[in-house]
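Trainee: next comes the sequence, and after it the predicted model I'd like to discuss.
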Amino acid sequence: MIERDWYRRVDRSVPHPARMYDYYLGGKDNFEADRKAADEVLRVLPEARLMALENRAFLGRTVRFLAAAGIRQFLDIGTGLPTQGNTNEVAHEVAPDARIVYVDNDPMVLVHARALLADRDEGPTVVVEGDVRDPDAILGHPDVRAIIDFDQPVAVLLVAILHFVRDSEDPAGIVERFKRAMAPGSHLVISHGTQDFDPERSAEAVRPYDSATAPFVTRSGAEIERFFDGLEMVDPGMVRLPLWRPDGDPPPYLDAIWVYGGVGRRT
């Protein structure tokens, strides 16, 4: 069982994006290698902490919006280490019967997520091991199929995960496979880092990820927008994260957020 052997499966000498993200958010579920790599990013791009926080807020707003719109199934891929405002917490505030599947390939994430969910009694929520690079394995996983009915609308969340997929791994094809599995009325949520606003500093900032378990691949707004091909964009379309249905006025640091986000609906 993964709960028994996760610690020896984790290579603490190699930075992991999920643990680096946890560090940006002020969490404690990270190791020295993660903190060292993240500090290298922050040296070049101190705004990275703000981007992580805004990404988390974007996740919460999209889940809340979709639950209020009647979505009762959420497939959250590359969920990362649990923190406040997890998908199940936000969805269940609106719809206690919502069904959630978390997918991640990091054993540390899986154990922490399962422990967090152990004492909850809301709608069905499970955590499965899987990799976004293998969408067929995720879509066909028996635990996923036990919770998600793909003949009914589902929200597929690819939040801050596609920028860890190399071009050679066919990110567009991966997204297309998930879109084909989605019934009409389903929604696709994506957030993705971009180099649009400062290509030189962006390239330097993501370099520490080259030694991590996955590189960080920034893409242009046009490249990211193509992931939504064939879907109807939910207003306001694909925008910088703080501009997607904000709870208040955009923050004064809007120019520091180099991450796009959007929601597409399958008609």
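Mentor: Ah, there it is.
Trainee: so which bits of the strand or helix carrying Met51 are buried?
Mentor: Assigned by DSSP states H and E, Met51 belongs to helix 48-68. Buried residues in helix 48-68, counted by 16 or more other CB atoms under 10 Å: 48-67. Where C-beta positions appear, they are placed from N, C-alpha and C, glycine not excepted.
Trainee: run through who's touching it.
Mentor: Applying CB atoms under 8 Å, 6 or more residues apart in numbering, the contact partners of helix 48-68 are 21, 24-25, 38, 41-42, 74, 83, 85, 87, 90-91, 93-95, 98, 155, 157, 159-160, 187, 189, 191, 193, 205, 234, 241-242, 244-247, 251, 253, 256-259, 261, 263.
Trainee: so for it, what's the average pLDDT?
Mentor: Model confidence over helix 48-68, given as mean pLDDT, is 97.
Trainee: Ser211 against Ser13, yeah?
Mentor: No: at 10.1 Å, Ser211 does not count as touching Ser13 under the criterion of CB atoms under 8 Å.
Trainee: which neighbours do the two share?
Mentor: Here Ser211 and Ser13 share no contacting residue, scored by CB under 8 Å, 6+ apart.
Trainee: now do the helices in the stretch 151-267 of the chain.
Mentor: Per DSSP state H, counting those that start in this stretch, the stretch 151-267 of the chain carries helices over the ranges 171-181, 199-206, 221-225.
Trainee: if we can go back for a sec, which one's more surrounded, Ser211 and Ser13?
Mentor: Legend: neighbour count by other CB atoms under 10 Å for Ser211 and Ser13, higher for Ser211 (13 against 8).
Trainee: can you tell me how far that one sits from Val111?
Mentor: In this view, Ser211 and Val111 are 24 Å apart by CB to CB, to the nearest Å.
Trainee: could you identify the helix or strand that succeeds the lowest-mean-pLDDT helix or strand in the chain?
Mentor: Least confident helix or strand, the chain: helix 2-9 with a mean of 53, by mean pLDDT, DSSP states H and E. Going down the chain from helix 2-9, the next helix or strand is helix 17-24, by DSSP H and E.
Trainee: let me know the average pLDDT across that next one.
Mentor: Mean pLDDT, helix 17-24: 92.
Trainee: what does stretch 97-108 give?
Mentor: 88.
Trainee: distance between it and the chain's centre?
Mentor: 11 Å (CA atoms, centre = their mean, to the nearest Å).
Trainee: what residue is smack in the middle of the protein?
Mentor: With distances taken as CA atoms, centre = their mean, Val159 lies nearest the centre of the chain, 2.6 Å away.
Trainee: hmm, it is touching Ile190, no?
Mentor: Yes: assessed by CB under 8 Å, Val159 is found in contact with Ile190 at 7.2 Å.
Trainee: can you check which residues contact both of the two?
Mentor: Common contacts of Val159 and Ile190 (CB under 8 Å, 6+ apart): Gly261.
Trainee: show me where the stretch 151-267 of the chain has strands.
Mentor: Assignment of strands within the stretch 151-267 of the chain using DSSP state E, counting those that start in this stretch yields the ranges 155-159, 187-193, 232-233, 239-240, 259-265.
Trainee: who does the fourth one pair up with?
Mentor: Sheet partners assigned to strand 239-240 using DSSP bridges are listed as strand 259-265 (antiparallel).
Trainee: contacting residues around the helix or strand hosting Val103?
Mentor: Assigned by DSSP H and E, Val103 falls within strand 99-104. Strand 99-104 is contacted from outside by 18, 72-80, 87-88, 91, 110, 113, 123-130, 132, 138, 143-144, 147-148, using CB under 8 Å, 6+ apart.
Trainee: dump the residue contacts of the residue nearest to the centre of the chain.
Mentor: Each residue near Val159 by CB under 8 Å, 6+ apart is listed here: 55, 58-59, 62, 76, 78, 189-191, 261.
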